[in-house]
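Novice: just coords:
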Ligand SMILES: O=P(O)(O)OC[C@H]1O[C@@H](O)[C@H](O)[C@@H](O)[C@@H]1O
C-alpha cells in the first residue's frame, strides 16, 4: 500500500531551476567553464558537491570544492530570495489533500539544507513535511537511490510504499533505483528532461489526485 509521498524540491515545489542555472552560469563564466544550457541539463537533480567535483576534475579548477560550493550558495541564496515568491501552482492544495488523508510527506532534495530551509521558510510550508532530507546527508546523490532510501527509513516506511514526485531525469532514475513509484512532473523550466522511466508523467500538479495515486498501486514497479 502506498503510504508516503516524497517531493523533490527544485522544479517540483518551486520553479527554481532557471535561478540555479543563472547563478551557476555566472560562476561558470567567471571560471571559464564552457557550459551551455544543453550540457547543463545533465547536472539537473545532481548534488552541487558532485557537480563541482566533476567540473574541477574536467577543467582542472584550482579552487577547492568547498570554496566553489560556498560561492554557489551565496549566488543561489541571493537570486532565490529575489525570485521565489510562491510555490508551483497546485503544490499547496496537493500537500493539504495528502495531509488530510494521512499520507506521510517528505522532501528529498539535492540542494544544500541551508537553501532548503530558506525555501521552506519563505513559502511557509515546513508544517507539511514530516521529514526533510538534503543530499548532504547521503554518500551518493541522485541518480543513485541513497537519498530516497534514507528518507523512507526516516519515515519508517518501505521503499515500495513510497511515491516520489520528480522533475529531472536524474531524480526519476534515483526513485526507480530505490524501488519506488515515481510521478514525473514535466516542468518546461527544468530544461529538456527525459522522464520516460517514471511510472506516469503529469504536466500540472493539479493532475496529481488521490485517485491517481491509488491507480499507481496497480502499476508494476
Ligand atoms: O533535488 P532537487 O530539489 O531537484 O535539487 C536539484 C538542484 O539542486 C541545486 O542545489 C542545484 O544547484 C541544481 O543544479 C540542482 O538541479
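Specialist: Arrived safely. This one's a predicted model, so the numbers in the text were calculated from it and none came from an experiment. Numbers count the residues shown, from 1 in each chain.

Novice: Point out the residues in the chain that sit beside the ligand.
Specialist: 8-11, 17, 20, 43-45, 48, 109-111, 168, 171 (CB under 6 Å from any ligand atom). The C-beta positions use only the backbone N, C-alpha and C, and glycine is treated the same way.

Novice: give me phi/psi at the residue lying farthest from the centre of the chain?
Specialist: The centre of the chain is farthest from one residue, residue 62, which by CA atoms, centre = their mean lies 28.9 Å away. As for residue 62, its main-chain torsions (degrees, to the nearest 10) stand at phi -80, psi -30.

Novice: Tell me the buried residues in the lowest-mean-pLDDT helix or strand in the chain?
Specialist: The weakest-scoring helix or strand in the chain, judged by mean pLDDT, DSSP states H and E, is helix 37-40 (a mean of 88). Of the residues in helix 37-40, residue 40 count as buried by neighbour count, 16 or more other CB atoms under 10 Å.

Novice: Would you mind pulling up the elements that it packs against?
Specialist: Using 3 or more CB pairs under 8 Å, 6 or more residues apart in numbering; DSSP states H and E as the contact test, the elements touching helix 37-40 are helix 17-31.

Novice: can you give me the mean pLDDT across the helix it packs on?
Specialist: Confidence for helix 17-31, expressed as mean pLDDT, is 92.

Novice: Among the residues of the chain next to the ligand, which lie within helices?
Specialist: Among those, the members found in helices (DSSP state H) are 17, 20, 48, 171.

Novice: So which of those is the closest to the ligand?
Specialist: Set against the ligand, the nearest of those by CB to the nearest ligand atom is residue 20 (3.9 Å).

Novice: Neighbour-wise, which one of the ones in helices among the residues of the chain next to the ligand leads?
Specialist: Among those, residue 171 has the most neighbours (other CB atoms under 10 Å), with 34 neighbours.

Novice: Go ahead and confirm it touches residue 164.
Specialist: Yes - counting by CB atoms under 8 Å, residue 164 is a contact partner of residue 171 at 7.3 Å.

Novice: any common contacting residues for those two?
Specialist: Among the neighbours of residue 171, those also in contact with residue 164 (CB atoms under 8 Å, 6 or more residues apart in numbering) are residue 8.
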